[in-house]
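J.: Got a predicted structure here, sequence first:
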Amino acid sequence: MKILVLGIGNILFGDEGIGVHLSNLLKLNYKFSGEHSVDIVDGGTMAQHLIPIISQYDSVLILDSIDANDAKIGDVYFFDFNAIPNSITWAGSAHEVEMLQTLQMIAMLGDLPPTKILGIKPFIIGEDPTFTLTQEVLQGAKLMESQAIQYLESLGVCVEKIDNQNLQEIAYFSYRGYE
């Protein structure tokens, strides 16, 4: 099985880049092995440009910021795209709405693999760019990391922790990209 871990977000707007930053953390701190292949991709804010990538996989895990009714900054949500909780509003930023529309288009075409969303409520900063993450999101990201690892293990992926790089430090340099 081919598994895609897709980090989504705008890294210039602090917490809104958490999907990209967390995907980079997984790349740097873990080794994935076994009969299934795991690709970790920084999808940034590319949304519809990701359609040919997403449709190539057997399973997709999307890491992103989300919005939900009554959510507090740092609250984490993990759900199946086909069973989005009613509390999820996707109203946080433009990239969230574009990603939702992209997934809906792929589903309409019949090419959407089973897709899970692992999201966190960000602090919306407005117009001043920053690579700094709020303490609430840094705390919530620990839960996101754990849930992502548990989910991959539930699919039969062997996961080995190989490093312990700090998420905030990774966020400061996500603009460079990580291999």
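T.: Nice, thanks for sending it over. Numbering: from 1, shown residues only.

J.: Distance across stretch 49-64, terminal residue to terminal residue?
T.: 16 Å (C-alpha to C-alpha, to the nearest Å).

J.: which residues are in contact with that stretch?
T.: Identification of contacts with stretch 49-64 by C-beta atoms under 8 Å, 6 or more residues apart in numbering yields 1-9, 18-19, 22-23, 39, 41, 43, 81, 96, 99, 102-103, 105-106, 109, 111-119, 144, 148, 151-152, 155. C-beta here means a position set from N, CA and C on the backbone, and glycine is covered the same way.

J.: Could you do stretch 155-162 as well?
T.: 1, 3, 29-36, 38, 59, 149, 152-153.

J.: First-to-last residue distance for it?
T.: One end of stretch 155-162 sits 20 Å from the other (C-alpha to C-alpha).

J.: How far does it sit from its chain's centre?
T.: 18 Å (C-alpha atoms, centre = their mean, to the nearest Å).

J.: average model confidence for it?
T.: The pLDDT scores in stretch 155-162 average 98.

J.: in that stretch, what counts as buried?
T.: Buried residues in stretch 155-162, counted by 16 or more other C-beta atoms under 10 Å: 157, 159.

J.: Just the buried subset of the contacts of stretch 155-162, please.
T.: Neighbour-count burial (16+ other C-beta under 10 Å) applied to these gives 3, 29-30, 32, 36, 38, 59, 149, 152.

J.: Let me see the ranges of the strands in this protein.
T.: Remark: strands assigned in the chain by DSSP state E are 2-8, 30-33, 37-44, 59-65, 76-80, 115-120, 158-161.

J.: Highest mean neighbour count out of these?
T.: strand 59-65 (a mean of 25; mean count of other C-beta atoms under 10 Å).

J.: now for the longest helix along the chain, which elements pack on it?
T.: Counting residues, the longest helix found in the chain (DSSP state H) is helix 135-154. The contact analysis (3 or more C-beta pairs under 8 Å, 6 or more residues apart in numbering; DSSP states H and E) places helix 135-154 against strand 2-8, helix 18-29, strand 59-65, strand 76-80, strand 115-120, strand 158-161, helix 167-172.
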